[in-house]
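In: Structure for the following, please:
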Amino acid sequence: MAVTFFLFAQSPRLAAQAPDKDKDAKPSDTKDKCDAAATKEEVSTTDHTVRISSQTIPYKATASTTLLKNDKGDPTGLLYSVAYTRTDVKDVSQRPVSFLYNGGPGSATMWLHMGAFGPRRAHTIDGVFTPPAPYKLVDNTESLLDKTDLVFIDAMGTGYSHAVCKAQEKDFYGVDEDVEAFAQFIVTYLSRNDRWNSPKFLIGESYGTFRSAALGNYLQNHDTVHLNGIVLISSVLDLATLSFAPGDDRPYIFYLPSYAAVAWYHKVLKDRPADLPGFIEEARKYAQGEYAAALFKGAELSAAEKAAVAKKLSYFTGLSEDYLIKADLRVTLSQFRVELQRSAGLTTGRIDARFTGYTYDLLEENAQGDPEGPAVGGAFTALINAYNHDELKFGRDKIYHNTNGAGATWNWKREQTGPRRFFPGAPNVEGDLAQAMITNPRLLIQVENGYFDFATPFFATEFTMEHLGLPEALKKNIKEDYYSAGHMMYLHDEDRVNLHNHVATFIDHATQP
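Out: Numbering: from 1, shown residues only. Predicted structure coming up:
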C-alpha cells in the first residue's frame, strides 16, 4: 500500500489560475523584484469581546504578516498569523502566550483556529455531513482566551503566508526548514510584543505535534527560549508507527485497539460490550500479547494458531475470520476502512472514523478518500474566508490557501546531530522531545488522544511516550487524555468542552512556581 504522511490537511487547496507569461517580455520585466512593496508587512487590528464561562473577556485581534529573513539578512517570506490578546491584563509577564498550528505537513491552521480554541468557531454537525451554505459562525465558549493569549500561525504557502524576493515556498518545505521558520516567527513575536517573560506554550495538532517536538527543542537550544509546556493533539512523533511498511508488524499491533473502538462505534460487533474503555483495554492487552507473539512467528505460525488468532481478531474488529485469514492476519488501515462497512456500502473515515461516506466501487480493496474531509471542509473554508474579511478586516484581495500541497515533496531529512547511521530510518522526533525535556526539566507535556482517530492511533502514541528513554524523574511530566471522537476531537461538542478544560488545567499547572 502506498503510504502518505499527509496527516491532517485533507481539504482541497484554493488555488488561483496563474496568468500566462508574455512570451515577448523582456528579461527586466520578469526579473524577481525585492522592493519595499514585496516585503511590506501588513497588519489589521480590531477589538472584540467573548463570553467564556462566567467571564466577559475583552480582547484585541491582530491579523498580520511577519517578514522572515535568512542568515544573510535577505527577506525570504511573509508569515500570516492571527493573535488574540486579552486587553484588561495589567502585567503581561504574568499572562501566558500560546503558539498554535495545524499539521499536514502543509495545512493551514484554520482547524484549531476556527474549530477548537479561537474566539469564533465554525459550527458543524457532529459526525455527519454539514449541509452547504449558509454556514454559522458562532462565539466559541471553549476558547482558551480565559487562560492564555493565542497566536495562530499559518505555515509557509498556507493561509496568506508566502515566499518573497528570490526565495520560493518550497524552500520551507522540510522538517528543519519549517522549524527554523516557526522559531524565527516566535522569537520575533516575543520581541515585538514584549512577551519574553511571559509563560510560553506550543499547541500543535497532527504533524503539528511532530513540529512541536523539533521546534521545542530548537527554541530551547538555539534561541534559549524555555517553554512551560507543549500540548500534543492527535500526536505522531515516529512515522514508522503508522506506515504499514513491508516486514514491519508494529503498525498492525498499534492499530488494533483503534480498529476495535471504531467497530464498537459502528455496531458491527457480534457481541458488542457495553463498556468502551474496558473493551479498548482488552484490545490493548491482546494486541501487545498474543497478537504480537503470533505476528512475530511469521511463516512459522501454524494453521491452527492462525485460525485462533483470526477468531479473536474478528471478535475485536467485526471482520470475518475468512477475510482475516486471507489478509494473513494483517489488515492495513485503508483495507479496514473499506471492509468494515462494505455490506452497507459505506467507507469509514480516517481523520475521524465516526464519519462515513458512500463507497462508489464495492469491489475496491482500499478506501478511496476520506468522508470526514468533505463533511466539514466546506464550512471551515467558507467561514475562515468570511471571518478574515469581515471581522478581522484582512485579506479581501488575497487567496487563503487551505493547504500548500507540500506533503508529497516534503524534505524529511534532518541535520545529523546524533550518532551517524548509514541507512535512513523513518522520520522520528522522539529524541527532540526527550532532549527538550532534559534541557528543561520543568517542561510539561500534555497528550490528547481520540479513540476514533485513524490518522494517529492512540496505542502508537502510548508506545511512543513509554519509549522516550527519559530519566525516571521526568516521566511524570507527561500526561495523556482521551476523547470519544477522532483526530479533531473538538468537532464533538462534549469533547470540545473537555479539551478546553484539560488544556486550561494543564496551563495552570505549568505556570505554577
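In: now the top strand by length along the chain: how far from the chain's centre is it?
Out: Ranked by residue count, the top strand of the chain under DSSP state E comes out as strand 55-69. Taking CA atoms, centre = their mean, to the nearest Å, one finds the center of strand 55-69 at 22 Å from the center of the full chain.
In: Within the sheet, what are the partner strands of that strand, with directions?
Out: Sheet pairing for strand 55-69, assigned by DSSP bridges, gives strand 43-52 (antiparallel), strand 75-86 (antiparallel).
In: Can you tell me what sits against the first one?
Out: Going back to what we said before, that points to strand 43-52. By CB atoms under 8 Å, 6 or more residues apart in numbering, the list of residues contacting strand 43-52 from outside reads 56-65, 87, 119-120, 139-143, 145-146, 391-394. Glycine gets a C-beta too; all of them are placed from N, C-alpha and C.
In: How about residue 165, nearest residue that isn't a chain neighbour?
Out: When the adjacent residues along the chain are set aside, residue 165 lies closest to residue 34, with 3.7 Å between them (CB to CB, 6 or more residues apart in numbering).
In: remind me which residues of the chain are low pLDDT?
Out: Scanning the chain with the threshold set as pLDDT under 70 gives 1-32, 416-422.
In: Now do the closest residue to residue 256 other than its chain neighbours against residue 269, distance only.
Out: Take residue 256 and drop its neighbours on the chain: the residue closest to it by CB to CB, 6+ apart is residue 287, 4.1 Å away. Between residue 287 and residue 269 the computed distance is 16 Å (CB to CB, to the nearest Å).
In: the more surrounded of these two?
Out: In terms of neighbours (other CB atoms under 10 Å), residue 287 is the more surrounded of residue 287 and residue 269; the figures are 23 against 17.
In: So what does the more buried one look like in phi/psi?
Out: Torsion angles at residue 287 (phi, psi; degrees, to the nearest 10) stand at phi -60, psi -50.
In: Now do the contacts for it.
Out: Listed by CB under 8 Å, 6+ apart, the contact partners of residue 287 are 253-254, 256-257, 459.
In: those helices in the stretch 301-450 of the chain, which residues are they?
Out: The residue ranges that make up the helices of the stretch 301-450 of the chain, judged by DSSP state H, counting those that start in this stretch, are 303-317, 321-326, 333-339, 372-390, 430-439.
In: Let me know which of the ones you listed is the nearest to residue 226.
Out: Minimum separation from residue 226 across the helices of the stretch 301-450 of the chain (CB to CB) falls at helix 430-439, 7.9 Å.
In: helices or strands up against that closest one?
Out: helix 207-222 (3 or more CB pairs under 8 Å, 6 or more residues apart in numbering; DSSP states H and E).
In: between the helix it packs on and helix 430-439, how many degrees?
Out: Interaxial angle of helix 207-222 relative to helix 430-439 (axes from the mean of the first three to the mean of the last three CA atoms, to 10 degrees): 50 degrees.
In: For helix 207-222, could you pull out the residues that count as buried?
Out: By neighbour count, and taking 16 or more other CB atoms under 10 Å as the criterion, the buried residues in helix 207-222 are 207-220.
In: Out of those, flag the one nearest to residue 82.
Out: Top of the list for closeness to residue 82, among these and by CB to CB, is residue 208 at 15.9 Å.
In: first vs last residue of stretch 34-53, how far apart are they?
Out: Distance across stretch 34-53, first residue to last, is 48 Å (CA to CA, to the nearest Å).
In: on that earlier part again, what inclination does the longest strand of the chain have with respect to helix 372-390?
Out: Taking the same axes, to 10 degrees, one finds strand 55-69 and helix 372-390 inclined to each other by 90 degrees.
In: In strand 55-69, which residues are buried?
Out: Per 16+ other CB under 10 Å, strand 55-69 contains these buried residues: 57, 59, 61-69.
In: my guess is residue 77 contacts residue 161, does it?
Out: Yes: using CB atoms under 8 Å, residue 77 is in contact with residue 161, at 6.8 Å.
In: hang on, the earlier thing: of the helices of the stretch 301-450 of the chain, flag the one that's most buried.
Out: Per-residue neighbour counts averaged over each of the helices of the stretch 301-450 of the chain give the maximum for helix 333-339, namely a mean of 22 (mean count of other CB atoms under 10 Å).
In: Pull the residues that contact it.
Out: The contact list for helix 333-339, computed with CB under 8 Å, 6+ apart, reads 1, 242, 244, 255, 259, 317, 319, 323, 327, 331, 347-350, 353, 359, 364-368, 454.
In: mind listing which of these are in strands?
Out: With strands defined by DSSP E, the entries of the contacts of helix 333-339 inside them are 347-348.
In: Can you go through the contacts of helix 333-339 and name the buried ones?
Out: Using 16+ other CB under 10 Å, the buried ones in the contacts of helix 333-339 are 242, 244, 255, 259, 317, 319, 323, 327, 331, 347-350, 353, 359, 367, 454.
In: circling back: go through the helices of the stretch 301-450 of the chain and name the closest to residue 464.
Out: In this view, the helices of the stretch 301-450 of the chain are compared for proximity to residue 464 by CB to CB, and helix 430-439 is the closest at 6.2 Å.
In: that's a helix at residue 203, yeah?
Out: No: secondary structure of residue 203, determined by DSSP: H, G, I helix; E, B strand; the rest coil: strand, with no helix assignment.
In: now residue 270: how far from residue 317?
Out: Distance from residue 270 to residue 317, counting by CB to CB: 11 Å.
In: swap that for residue 41, please
Out: If you measure residue 41 against residue 317 using CB to CB, the figure is 53 Å.
In: do the same with residue 170
Out: Plainly put, residue 170 is 41 Å away from residue 317 if you go by CB to CB.
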